[in-house]
Structure formats: structure tokens, C-alpha cells
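1. Structure for this input, please:
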Amino acid sequence: MSFVEILRGIANVLFVMLIAGGVAYVGDRVGHQVGRKRLTLYGIRPRYTSTIIAIATGMIIALVVTLVAIFASQEVKIAFFQLNTINQQIAQLQTRERNLEAKVNSGRLVWPVDQLMAPFYRLIKQHATPAERLSTIRTFYFDSVKYINANYPSLGLKPYAIPPDVDKKLAASANDTKNLVAKLEDSDVMLTATSDQNLFANDQIHFGITETPDKLGYRKGQIIAQLKITGKTGASANIALGQLTNEVSVNARGLGLPGFLADNVQPLQLLPAPAQMQQMLAAPGAYLLTAFAAEDFYPHIGGIPIIIVLTKQPGV
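-> As a prediction, the model looks like this:
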């Protein structure tokens, strides 16, 4: 519990005390005035009438304050009418958290999150009609379900279950103006089936459809990443190559590419060969390890083809 929460709790207690004191005071004054005037209620003696009116006044004031608080504060409304539901949800989430912790600690991870689950894609053309968008998404979805249920249960997972409202969800996705429709304003969109959570042994299969704008990411010959290396310092060419590949992945993620694409870096050519790179780095000097785009890169290519070149900087 934070210091701010403690102060807020103390302030709430003081506020309730002030309200209670105010209600008691008003009720007492009203009862006192009724007693002085010796009013009667339905023939009841004045002293009892004043007590009844004092209690009723306090109850009415408390009711009015409570109603004002309920209508003015969503938190108060939840506390009065939804507290049991909230407590049940908290208990369910705590149970789920414990189960997930146990699964992470002792379970067998079958398929990590954000990874490709079907080796194919579909393109929605930029100017596709709503009916064409829905048709493409629907066909891709059921093709993915068929492939996934034919291949992943053998890994220890339970088959994917098609939800009963799948048509409604697919239609909503096809007409989502904030996502798919907005992406189609600039380019075609590539659909891929990816894992939307870590899947452990005996888990039921879950997957999602990732929508990636299929636009030019890198032009052929474009520098994607560079790494400066000082020679004759014991630098490893293989470690440097791994570091540069990682830099390419980081750069690709910066373009908004999903992990399975950004991490699929494909070095097509190394100039010179790694053994010769190591020989170069054994000599003094400053070197530059550069990753170039091997060809125009679009997401539907499926990986980022690069050419890596090690050069010695002149005059250094």
C-alpha cells in the first residue's frame, strides 16, 4: 500500500466522521425543537414524537448523502452494488495467476507467443471491397484452423475450438476502421496466423490473425544496421555478426513488423567469409560491419534478406 493510498484512506475516514457528526447534530436539533413545541404524532407522547422525528431526520439525511455519493462517484456505486462481483473476479484472477506461475515454473512450453503458426499468408488488396475483405479473412481463418488442428495436437496441445460467434468476430475484423481499414489506406495488408499467448503442454490452442501492412520496408542496397569494431582487441567475428543481426531485428521492430518477421533475418552473403573477417580483425585499425538490404523488402517475403560486409575505415 502506497503512502498516497494511506492518506486517501485517512481522508475518507475523516470525511465519514464529519458526515456522521453532521447527521447526528441535525437530528438532535430537529428532535429538540419538536420536543420544545410539544408536537405529537398520531397521538404519541411529545417526548417519543421528538425521538422518532430526530431518528427519521438522521435517516433521511444519511439516505440523501448516500444517493448523492452513488450518483456522483462510480467507485461508490461499484462498492454498493458490485462489490461481490469484483471480489469474485479478483479471486478468479488470483487463482489464474497462481496457475500461470505454476505452469511457467514447471510446465513444458510448446509454442511461444508471437510466433508464426501456419506457413502461409493471404493478402487483402488495398482497394478490396468489404465483401472481398471478409471473404479473404474468412478463407484464411478456416485454412489456418485446419492446418493448426492437423499439426499442433501432436505436440501436446488440445485442438483449437472455433467460437460460436466466429462469423460476427470475422465481420467485425473485416470492417474495423481503426485497424484493418486504416492500414489498407496505404498498402495491401498481409494476414498471418500467430500465437497470441505462450502455449504449454495440455493447453487448448489459441491463435490470432496478425494484420501487417505489406509496404516497402527497405530498398535494395539500403543500410539497415552498422557496427564499429576496433581491430587487434580480441574481437570475435562471429559474435559481431550475431550482434549486427540483432541490430537488424531491432530496426525492423521499429518499423512495426511483428516479432516472427523482425527476428527472421536471413544473411544471404558475407563479404568476406567469416574466417577472413577474423583475420582482418586481428590487425590494428577501425572496422565497420554493415548490413545491407539484399533486395527490396516487403513483409510477404517472410524474412529480411541481407548482405553483410566488413570494411576497414580508411586513414584509421
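2. Which strands border whichever strand or helix holds Q266, and is each parallel or antiparallel?
-> Assessed by DSSP states H and E, Q266 sits inside strand 265-271. Sheet partners assigned to strand 265-271 using DSSP bridges are listed as strand 304-312 (parallel).
3. Show me the shaky parts of the stretch 101-250 of the chain.
-> 101-106 (pLDDT under 70).
4. ok, which stretches of it are helices?
-> When secondary structure is read from DSSP state H, counting those that start in this stretch, the stretch 101-250 of the chain shows helices at 130-151, 166-174, 180-183, 237-254.
5. circling back to that earlier point, what packs against the helix or strand following the strand holding Q266?
-> Toward the C-terminus, strand 265-271 is succeeded by helix 274-281 as the next helix or strand (DSSP H and E). Using 3 or more CB pairs under 8 Å, 6 or more residues apart in numbering; DSSP states H and E, the elements in contact with helix 274-281 are helix 237-254, strand 304-312. Heads up, the C-betas are built off the backbone N, CA and C, glycines and all.
6. So which elements touch the helix or strand that helix 274-281 is followed by?
-> Going down the chain from helix 274-281, the next helix or strand is strand 286-293, by DSSP H and E. Contact analysis of strand 286-293 by 3+ CB pairs under 8 Å, 6+ apart lists strand 223-230, helix 237-254, strand 304-312 as its packing neighbours.
7. Output the ones you listed in CSV; the columns should cover mean neighbour count and distance to L281.
-> Below are the helices and strands packed on strand 286-293 laid out as CSV (neighbours: other CB atoms under 10 Å; distance: least, CB to CB, whole Å):
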stretch, mean neighbour count, distance to L281
strand 223-230, 16, 6
helix 237-254, 17, 6
strand 304-312, 21, 8
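8. so what's L41 scoring on pLDDT?
-> We note a pLDDT of 52 for L41 in this prediction.
9. coming back round to it: just send the helices and strands packed on strand 286-293 back as JSON lines, with distance to T85 too.
-> Output for these, formatted as JSON lines (distance: least, CB to CB, whole Å):
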{"stretch": "strand 223-230", "distance to T85": "51"}
{"stretch": "helix 237-254", "distance to T85": "39"}
{"stretch": "strand 304-312", "distance to T85": "48"}
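10. Minimum distance to K158: which of these has it?
-> Nearest to K158, of all the helices and strands packed on strand 286-293, is helix 237-254, at 31.3 Å by CB to CB.
11. Can you name the residues in contact with that closest one?
-> Contact partners of helix 237-254, identified using CB atoms under 8 Å, 6 or more residues apart in numbering, comprise 217, 224-227, 229, 259, 261-263, 265, 267, 270, 274, 277-278, 281, 289, 291, 304, 306, 308, 310.
12. Dump that helix to PDB, restricted to CA.
-> This file holds the C-alpha atoms of helix 237-254, laid out as PDB (Å, rounded to 0.1, in the frame of the first residue of the first chain):
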ATOM      1  CA  ALA A 237      33.800 -12.000 -35.900                       C
ATOM      2  CA  ASN A 238      31.000 -14.500 -35.100                       C
ATOM      3  CA  ILE A 239      29.900 -12.500 -32.000                       C
ATOM      4  CA  ALA A 240      29.900  -9.300 -34.100                       C
ATOM      5  CA  LEU A 241      27.800 -11.000 -36.800                       C
ATOM      6  CA  GLY A 242      25.300 -12.100 -34.100                       C
ATOM      7  CA  GLN A 243      25.200  -8.600 -32.600                       C
ATOM      8  CA  LEU A 244      24.700  -7.000 -36.100                       C
ATOM      9  CA  THR A 245      21.900  -9.400 -36.900                       C
ATOM     10  CA  ASN A 246      20.200  -8.500 -33.600                       C
ATOM     11  CA  GLU A 247      20.500  -4.800 -34.500                       C
ATOM     12  CA  VAL A 248      18.700  -5.600 -37.800                       C
ATOM     13  CA  SER A 249      15.900  -7.200 -35.800                       C
ATOM     14  CA  VAL A 250      15.600  -4.200 -33.500                       C
ATOM     15  CA  ASN A 251      15.500  -1.900 -36.500                       C
ATOM     16  CA  ALA A 252      12.800  -4.000 -38.100                       C
ATOM     17  CA  ARG A 253      10.700  -3.900 -35.000                       C
ATOM     18  CA  GLY A 254      10.900  -0.100 -35.100                       C
END
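13. Going forward, the N-terminal residue is numbered 648.
-> With the count now opening at 648, the last piece we talked about shows up as helix 884-901.
14. Between strand 870-877 and it, find me the angle.
-> Per axes from the mean of the first three to the mean of the last three CA atoms, to 10 degrees, the angle that helix 884-901 makes with strand 870-877 is 150 degrees.
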